[in-house]
Each structure stands twice: as C-alpha cells, then as structure tokens.
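Chemist: task: produce atomic coordinates for the following.
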Amino acid sequence: MTALSVLDLAPIVQGSTVADALASATSFARAVEEAGYRRLWYAEHHNTEALASNSTALLIANAAAATSTLRVGSGGIMLPNHSPLAVAEAFGTLANLYGPRIDLGLGRAPGTDPRTAAILRRGARDDDEQNFANNIRLLAWYFGEQVDDSDSVLLNDSVQLSHGVHAEVARNTHVPLWVLGSSTAGAAIAGQLGLPYAAASHFAPFQLSEAIWTYRQMFNPSAPTAQIAEPYVMAGANLMVAPTHEEAEYLFTSHQQMFLGIRRGERGPIRPPVRELDWAPHEEQMAASALRVSAVGTPAEAAEFLRAFAASYGVDEVILTGYAHDPALRERSFSLLAEEWERVAAA
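Modeler: Down below sits the predicted model:
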C-alpha cells in the first residue's frame, strides 16, 4: 500500500506568535509519529508572515529530538540559497546526532520572492540546471568517503568542485538525497543522478504525469550518485479531514485563503475559516487548478481520493500538507486519515 508522509511549513496562525507556531510544530511532529506516518519534512520559506519554516535544519533537529522513530528531513532545502559545504555540515551533524532518520530533499526554487532570493544568494545566480546537478553531486561526495585526487574531485567530466575542502562531520553519513521539482527539469535531474524524486503536485500539478514519465525514462541506477536501484516517486497532496464533508470543506478555506494571499502578494498569517471565499472568478479557477490534488472530506473520502491519485500516477509515496487556524484541528485531520488508511490496509 502507498506510504504516507507529511510536509510541514510551521504555519503561523492569525492571533498567535512565532513561538506558538514552533510549539505547535513540535506537538505536530509527535502526533505525526504516533499516527504512524513514514516521514516528516519541512519546507524552506522566507519573507513571509504565514510560515515559520525559515531555518529548516533547526526545525529538523527539533522534531528529531521530540520523536524517536519518525524519519525527519527537508522538503526541501533550496540549494541555490546555500553553499553545498554548509548544507553538508548541517545535515552531517544531524545524521551524527539522530542516526539514519535524516533525509535531505533538495529544490532549485528560491522558496521566496525574487528580491529576498537575491539577498539570500548575495546576488549570485547559480540556479541553472547544470549547477544544481553539480551541487547535488558534490553533496553526495561530502556524505561519502570524500576520497579525492590532487585536492579535487571530478564530478561531471571536467568539473572540479571540492578544491581539497572536506566536510568531516558529513563523511560517511550517507544521508539520503532526494530531488524535488514541479516540472520535467527536476525530474530529469533526479533520474540522471539515480535519486528518488518528489513532485510538488500539491501546488503545481500541471506537469505531474510528464515529469514522472521523464523521471522513469531518465533513471540511471548506475550513476555515481545513485542511492536506489529502481525509480521511486513521492508526490504532494493537500489534506483536510473532518468527521463530516461539510466541516472539512469549511476548514479547508484557511488553506485556500493562504494560497490566494500568496498569489495576491499578501503574506499574512493563516486566517480563520470562512463560509464564503472572497475571490474573483479567475482567482477561483486558478486555485481550483493549482490545488486540484487535495483530499478534502471525511476520512473515507480523503483516503479514497489519495488511493485513486496514487494509482493513477504510479506514486510510491504521498506526502501530505495542510493548514488549519486551530492547530488541534490540523492534528485531528492527519490522525483521522492515518486511522482510516491503517483500517483499510488491515482489512
């Protein structure tokens, strides 16, 4: 049966503080582990009043300390925002602290607006596909034995990137790498490198079928960076589960309002649910298209939607995200789905 995991962005709800959001994220991590989800990932975002998932590695450390069996990782680290050396040292440290429970998902998008991205990257522009792939190769080297030749490592034909610099805390930690994407470009890189692929279909499902096909076609289990023998696809979906369909749809309006705020350039905190959404027809159409991979309803309805989605695209694992103005109702949503998923699996 398809595995279920969780993506958290540490939402800041209206009327609360960042400290409240982080406390809720810790409670949520414990609830996710208790419910039986496979992994919990945090996504990197910047310059927003709605999300506290800025320092992804710190959130991972916090969740790993609060749990004991749950896999914890990034969904993802936006690699062009960071030096690969710094990422290797951070995740090597995490792996040494918490053992083989740490995942490193890597994305190429900025996770923010262009102005903030320019500040994060100090004006550098190194987010093209080739640089992204080479930096992933370098990370794979850091997490391995770090054997070099003449103080350099050949990563891609004539590309030499290590320059004799090592990440001792990362050496031989073998942190699992994932490539995140919303298009065929990221899927192709994941396939060429022999790594698992995570599709951002929870907000960008437009090229999902083509991306998965591209990934499987390009998959190279013999690549030096390969960590798996066969293609493995994770896909994102939105979630809101409640005892009744009507309540679930009502609570999901908080998620829809957040999505609309992003599109309008409004970065406010997560709002309370509303009976009727205030948006123009074109905004409603856009949201319906972008958020069409959403399991909203009773536990049985949501589980059936996710089973059909996974079967339609040949997905090995679904990673779920969802927001609620009341953190307790968010925890309830994920717990109800997990109970239903387990019930069907045991039947």
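Chemist: for Ala95, which non-adjacent residue is spatially closest?
Modeler: Spatially, and ignoring its direct neighbours in sequence, Ala95 is nearest to Thr173 (3.9 Å; CB to CB, 6 or more residues apart in numbering). (Glycine included, C-beta is placed from N, CA and C.)
Chemist: against which helices or strands is the stretch of helix or strand Leu59 belongs to packed?
Modeler: Secondary-structure assignment from DSSP states H and E places Leu59 in helix 56-66. The criterion is 3 or more CB pairs under 8 Å, 6 or more residues apart in numbering; DSSP states H and E, and the helices and strands that helix 56-66 contacts are helix 18-35, strand 39-42, strand 71-78, helix 84-98.
Chemist: same thing but 10 Å
Modeler: For helix 56-66, the contact count by 3 or more CB pairs under 10 Å, 6 or more residues apart in numbering; DSSP states H and E identifies helix 18-35, strand 39-42, strand 71-78, helix 84-98, strand 102-107 as packing neighbours.
Chemist: alpha carbons of the first one, in PDB - could you do that?
Modeler: I take that to be helix 18-35. Presented in PDB, the C-alpha positions along helix 18-35 are these (Å, rounded to 0.1, in the frame of the first residue of the first chain):
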ATOM      1  CA  VAL A  18       6.100  32.600  16.000                       C
ATOM      2  CA  ALA A  19       6.800  30.900  19.300                       C
ATOM      3  CA  ASP A  20       3.300  29.500  19.300                       C
ATOM      4  CA  ALA A  21       3.800  28.200  15.700                       C
ATOM      5  CA  LEU A  22       7.100  26.400  16.700                       C
ATOM      6  CA  ALA A  23       5.400  24.900  19.800                       C
ATOM      7  CA  SER A  24       2.600  23.700  17.500                       C
ATOM      8  CA  ALA A  25       5.100  22.200  15.100                       C
ATOM      9  CA  THR A  26       6.700  20.200  17.900                       C
ATOM     10  CA  SER A  27       3.400  18.900  19.000                       C
ATOM     11  CA  PHE A  28       2.500  18.100  15.400                       C
ATOM     12  CA  ALA A  29       5.700  16.100  15.000                       C
ATOM     13  CA  ARG A  30       4.800  13.900  18.000                       C
ATOM     14  CA  ALA A  31       1.300  13.500  16.600                       C
ATOM     15  CA  VAL A  32       2.600  12.500  13.200                       C
ATOM     16  CA  GLU A  33       4.900   9.900  14.700                       C
ATOM     17  CA  GLU A  34       2.100   8.500  16.900                       C
ATOM     18  CA  ALA A  35      -0.300   8.300  13.900                       C
END
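Chemist: check the offset of it from the chain's centre.
Modeler: 16 Å (CA atoms, centre = their mean, to the nearest Å).
Chemist: quick one: mean pLDDT for that helix?
Modeler: Per-region confidence: helix 18-35 scores 98 on mean pLDDT.
Chemist: if we can go back for a sec, how distant is the helix holding Leu59 from the center of its chain?
Modeler: Using CA atoms, centre = their mean, we find the averaged C-alpha position of helix 56-66 to lie 14 Å away from the chain's own average C-alpha position.
Chemist: same question for stretch 73-89.
Modeler: Offset of stretch 73-89 from its chain centre (CA atoms, centre = their mean): 13 Å.
Chemist: just to revisit the earlier point, please identify the buried residues of the helix holding Leu59?
Modeler: Residues of helix 56-66 classed as buried by neighbour count (16 or more other CB atoms under 10 Å): 56-57, 59-64, 66.
Chemist: before we move on, back to that, distance of the residue nearest to Ala95 relative to Ala167?
Modeler: Using CB to CB, to the nearest Å, one gets 9 Å for the distance from Thr173 to Ala167.
Chemist: just the strands in the stretch 151-300 of the chain please.
Modeler: Listed in chain order, the strands of the stretch 151-300 of the chain (DSSP state E, counting those that start in this stretch) span residues 154-156, 159-160, 177-181, 197-199, 233-241, 294-297.
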